[in-house]
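Trainee: Let's see this in three dimensions:
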Amino acid sequence: MQLSSVEVLAFQTKVLKYFKDNGRDLPWRKTSDPYHILVSEVMLQQTQVDRVIPKYLHFIRQFPGIKALARAPLADVLFAWSGLGYNRRAVYLQKACQEVLERFGGVLPREQKDLETLPGIGRATSASISAFAFNQPTVFIETNIRSVFIHEFFADRKKVDDEQILPLVEQTLDKKNAKRWYNALMDYGAHLKSLYGNPSRHSLHHTKQLTFAGSDRQIRGQILITLLSDRKIQIVTLAKKLKVKVSRLVPILNKMSKEKLILQSSGVISIG
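Mentor: Numbers count the residues shown, from 1 in each chain. Okay, here's the model as predicted:
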């Protein structure tokens, strides 16, 4: 789909007008510190904004810069992250900061291609960091952006592929002020969800979230909460404490060990 200059201007005007009148007041929008924006983008990968805000503020107080996070004990990092879920993000975030120290002299790189080489930073996250931290005109999609383009340009379609949306994101991008533009898109997308439900349900990439109760993800969280309190525990004791069979627990622990979240030795686990 190729948009005319008139269509692009009309779309940009609508989105920016909404943002001017209703833009959200979010703490990571008040900083130009690339590290703070890195933290916020990693936290926001799979967690809602309202849950991220207090954790973000606490996290950057405890670890105010790249060096502080890179050199902190992993247990402290996981404790500060506790409650956000998907805890391996905290491990990747710390490893990313360690690599920034080693490879980039402690300065977060501004180019997407360099950001994408850091642990846990994929294509979309590297592009968003580049846009929000350095105002680079990168092209990316996240859930709210996807919702905007489906609502505005594919309202009567189902199974919309991101490959159909990306050219429109590029055509409508405000290349002079990518940071403001993406903030506006995300806020407009959040607004559309509140009005119409989630337009992204018409996306080819939309998946229903699995039930949390009793899931491996819930058990992983319970394991970390236990370890942050006890520091180390026997697997058999942990299974009794969590009321989970050892046979169910072992593959979860093996995966967490592979992800460097925990250490295992002679039937005892501890923080990695």
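Trainee: Tell me who's in contact with the most centrally placed residue in the chain.
Mentor: Closest to where the C-alpha atoms of the chain average out (Cα atoms, centre = their mean) is Q45, at 1.6 Å. Contacts for Q45 (Cβ atoms under 8 Å, 6 or more residues apart in numbering) come out as 86, 89, 125. Where C-beta positions appear, they are placed from N, C-alpha and C, glycine not excepted.
Trainee: Low-confidence ranges, the stretch 51-200 of the chain, go.
Mentor: The model of the stretch 51-200 of the chain has pLDDT under 70 over residues 198-200.
Trainee: Could I get the full set of helices for the stretch 151-272 of the chain?
Mentor: 162-172, 178-196, 216-230, 235-242, 246-258 (DSSP state H, counting those that start in this stretch).
Trainee: Run the chain-centre distance for the first one.
Mentor: Spelled out, that is helix 162-172. With Cα atoms, centre = their mean, to the nearest Å as the basis, helix 162-172 stands 21 Å off its chain's centre.
Trainee: What residues of that helix count as buried?
Mentor: Within helix 162-172, the residues that count as buried by 16 or more other Cβ atoms under 10 Å are 162, 164-165, 168-169, 171-172.
Trainee: Run through who's touching it.
Mentor: Helix 162-172 is touched from outside by 1-3, 8, 11-12, 139-141, 145-146, 149-150, 153-154, 203-205, with contacts defined as Cβ under 8 Å, 6+ apart.
Trainee: Please repeat the previous calculation with a cut-off of 10 Å.
Mentor: For helix 162-172, the surrounding residues in contact (Cβ atoms under 10 Å, 6 or more residues apart in numbering) are 1-5, 7-9, 11-12, 15, 124, 137-141, 145-146, 148-150, 152-154, 157, 181-182, 185, 203-205.
Trainee: Just the buried ones from these, in PyMOL syntax?
Mentor: The PyMOL command for the buried members of the contacts of helix 162-172 (criterion: 16+ other Cβ under 10 Å) is given here:
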select buried, resi 7+11+12+15+124+137+138+139+140+141+145+146+148+149+150+152+153+154+181+182+185+203
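Trainee: need the contact list for I225.
Mentor: 78-79, 82-83, 87, 242 are the contacts of I225 under Cβ under 10 Å, 6+ apart.
Trainee: swap that for V77, please
Mentor: By Cβ under 10 Å, 6+ apart, the residues touching V77 are 59, 62-63, 69-70, 87, 90-91, 93-94, 97, 271.
Trainee: Let me know the pLDDT of the nearest residue to I53 once chain neighbours are set aside.
Mentor: The shortest distance from I53 to any non-neighbouring residue, by Cβ to Cβ, 6 or more residues apart in numbering, is to P27 (6.4 Å). Confidence at P27, expressed as pLDDT, is 98.
Trainee: do the same with K208
Mentor: 59.
Trainee: Hmm, T47 is touching N87, no?
Mentor: No. Contact criterion Cβ atoms under 10 Å: T47 and N87 do not qualify, at 11.3 Å.
Trainee: Of the two, which one has the most company?
Mentor: Neighbours per residue (other Cβ atoms under 10 Å) separate T47 from N87, with N87 holding more: 22 against 17.
Trainee: Sounds good, over and out.
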